[in-house]
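Peer 1: just to be clear, the model below is a prediction. Sequence and coordinates:
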Amino acid sequence: MSQAAQLQISQPYFADTSTPLAASATFTGAARDMGASNAEFRSFSATFFASHASATNGAKIQMSNDGTTWVDAAVATLAANVPQSLSVPVVARYYRTQLINGATLQTAVAVNSAASRT
């Protein structure tokens, strides 16, 4: 069983990380299993905040049908000290967040995600 399959959603809200990233480092969140039928959840959202800008298109929601091969479902470039929210409809089984830091060490970061039933 893949790690993604082990993390089936039992709650709709996740505090993905609050650990600052080194320059040019990447945070990849855990895979969130929306269920085989995708019927329970309608959307997956994430909010990103960091003390320093991300890489270009470095704030991401990614999706996968198998928990192994991932594609970007939504991307944004995170500006320093400006929260950025992304949201996508649930059309695949697995979702996760990813944040690729820019060239400066972060002093603060928050990545939160949620699955919505409405």
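Peer 2: Nice, thanks for sending it over.
Peer 1: what bits of this protein have low per-residue confidence?
Peer 2: 1-11, 38 (pLDDT under 70).
Peer 1: quick one: the helices in it?
Peer 2: 3-6 (DSSP state H).
Peer 1: nearest the geometric middle of it, what residue?
Peer 2: Thr97 (1.4 Å; Cα atoms, centre = their mean).
Peer 1: was I right to think it contacts Ser113?
Peer 2: Yes - taking contacts as Cβ atoms under 8 Å, Thr97 lies within contact range of Ser113: 5.2 Å. Quick note: C-beta positions are derived from backbone N, CA and C, even for glycine.
Peer 1: got any residues that touch both of the two?
Peer 2: 16, 29, 46, 61 (Cβ atoms under 8 Å, 6 or more residues apart in numbering).
Peer 1: residue contacts, the third one?
Peer 2: So that's Ala46. 16, 59, 61, 85-87, 97, 111-114.
Peer 1: among those residues, which lie within strands?
Peer 2: Within these, residues falling in strands by DSSP state E are 16, 59, 61, 85-87, 97, 111-114.
Peer 1: as CSV, those residues with distance to Ala74 would be great.
Peer 2: What follows is the ones in strands among the contacts of Ala46, written out as CSV (distance: Cβ to Cβ, whole Å):
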residue, distance to Ala74
Asp16, 15
Ala59, 9
Ile61, 5
Ser85, 10
Leu86, 4
Ser87, 7
Thr97, 10
Val111, 14
Asn112, 15
Ser113, 12
Ala114, 14
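Peer 1: now, which of these sits nearest Ala76?
Peer 2: Ala59 (4.7 Å; Cβ to Cβ).
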